[in-house]
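# how would this look folded up:
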Amino acid sequence: MRRQRRLELAESEDLDSATVDAVARLLGRRPRGLRAVPVRRENGDPVVIRVASLVAGKPFPTLFWLVDAELNLRIDREEAGGLIARFQAVVDDSPTLQAAMVEDHREHISLRDACMTAGDKAQLQELGFLGVLERRGIGGIEDFRYIRCLHTWYAAHLIQANTIGGLLDAHWSDNEEGPGSGVT
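Numbering: from 1, shown residues only. I've put the predicted structure just below:
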């Protein structure tokens, strides 16, 4: 998998029709607010997309979406097997992990802010929504102590390492089930 660390990118990347079509196939619908494909497999297939913070006139706090079918299925299975609850119990028992998660969210908020265009910020401010995005972290989470969705954590982790993505990597490594071919 190729990780394009374009964290400083604020403007939309030039997305060709083949990329948009590939993302649409993976999502099962046309993407709304698609700004970039920062992580791809070695063959160029999209793994993570970056979405605008304002979509159809509403704030959209989920900056990164995991669109890779294989990873989504693996994480679906982990969630169905109760991994979120197990991870949450580990986090609840560890002030160190709790503090790390708070820092993850703060870094993600800063990253989201850096990815917004001046026009996005102005429109969000005009609509009274800019404050919402200043309070919500990875996946739009407002309470930084809780894990809501492994997909959003892992998508963000593939861009900028975070606590829950690291726990998922360790879980897969412990079970000799890496994240999938072509994904590191």
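
# in the helix or strand harbouring Ala170, what's buried?
Per DSSP states H and E, Ala170 falls inside helix 163-174. For helix 163-174, burial by neighbour count (16 or more other CB atoms under 10 Å) applies to Thr163, Ile164, Gly165, Leu167, Leu168, Asp169. Backbone N, C-alpha and C define where each C-beta goes, glycine included.

# now the closest residue to the first one other than its chain neighbours: how far from Gly166?
Pointing back at Thr163 there. Computed as CB to CB, 6 or more residues apart in numbering, the closest residue to Thr163 that is not its neighbour in sequence is Ala100, at 4.4 Å. According to CB to CB, to the nearest Å, Ala100 and Gly166 sit 9 Å apart.

# thinking again about what came up before, output the buried residues of helix 163-174 in a markdown table; the columns should cover pLDDT and distance to Asn43.
Listed next are the buried residues of helix 163-174 as a markdown table, based on pLDDT from 0 to 100; distance: CB to CB, whole Å:
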| residue | pLDDT | distance to Asn43 |
| --- | --- | --- |
| Thr163 | 97 | 30 |
| Ile164 | 98 | 27 |
| Gly165 | 97 | 23 |
| Leu167 | 97 | 28 |
| Leu168 | 97 | 23 |
| Asp169 | 97 | 22 |
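
# Can you tell me which of the residues you listed lies closest to Asp14?
Among these, Gly165 lies closest to Asp14 (CB to CB), at 28.2 Å.

# Okay then, goodbye and thanks.
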